[in-house]
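*Asks:* Only the shape, not the letters, is given here:
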């Protein structure tokens, strides 16, 4: 049996893509790789991709591509890998940007997580990989 080696892309939905772009590009520091105004914004995150789609547009068939309609309404969740020292700096970045920290705690099994909300209301977590027993 073939098993996937990893996740290639993660998708979140946001109707106001401009505000979300500022959050992911300017505050978190992801590299914007593709924009279709009003429909989507794609970001590189290491060797993976974070895709932001406007849910009102992705329920429509893709333009010239055989991608089936898809989408979700309401807040989602994503967790970014971060080491302990990075979490300290991320917390500072959020505080300096006026972004509220929803939670910042140590998991009972070890590892720290910080949670914030993006402009679309998605729950955005930054956590040490050891919360899942990963290196």
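*Replies:* Okay, I see it. Quick caveat, the model's predicted, so the values are computed rather than measured.
*Asks:* The nearest residue to residue 121 once chain neighbours are set aside: neighbouring residues, count only.
*Replies:* In space, and not counting its chain neighbours, residue 121 is closest to residue 75: 4.3 Å by Cβ to Cβ, 6 or more residues apart in numbering. Every residue, glycine included, has its C-beta placed from N, CA and C. Residues lying near residue 75 (other Cβ atoms under 10 Å) number 14.
*Asks:* Likewise for residue 70?
*Replies:* Close neighbours of residue 70, defined as other Cβ under 10 Å, add up to 12.
*Asks:* check contacts around it.
*Replies:* Residue 70 makes contact with 58-59, according to Cβ atoms under 8 Å, 6 or more residues apart in numbering.
*Asks:* can you count the residues close to residue 2?
*Replies:* For residue 2, the neighbour count with other Cβ under 10 Å is 4.
*Asks:* now do residue 58
*Replies:* Neighbours around residue 58, by other Cβ under 10 Å: 20.
*Asks:* and the gap between it and residue 21?
*Replies:* Counting by Cβ to Cβ, to the nearest Å, the separation of residue 58 from residue 21 is 16 Å.
*Asks:* Could you do residue 15 as well?
*Replies:* Residue 15 is 13 Å from residue 21, by Cβ to Cβ.
*Asks:* Touching both of the two, which residues are there?
*Replies:* Contact criterion Cβ under 8 Å, 6+ apart; residues shared by residue 15 and residue 21: none found.
*Asks:* For the two, indicate the residue with more neighbours.
*Replies:* The neighbour comparison of residue 15 against residue 21 (other Cβ under 10 Å) goes to residue 21, with 18 against 15.
*Asks:* contacting residues for the nearest residue to residue 77 once chain neighbours are set aside?
*Replies:* In space, and not counting its chain neighbours, residue 77 is closest to residue 123: 4.4 Å by Cβ to Cβ, 6+ apart. If you count contacts by Cβ under 8 Å, 6+ apart, residue 123 has them with 75-78, 102, 115, 117.
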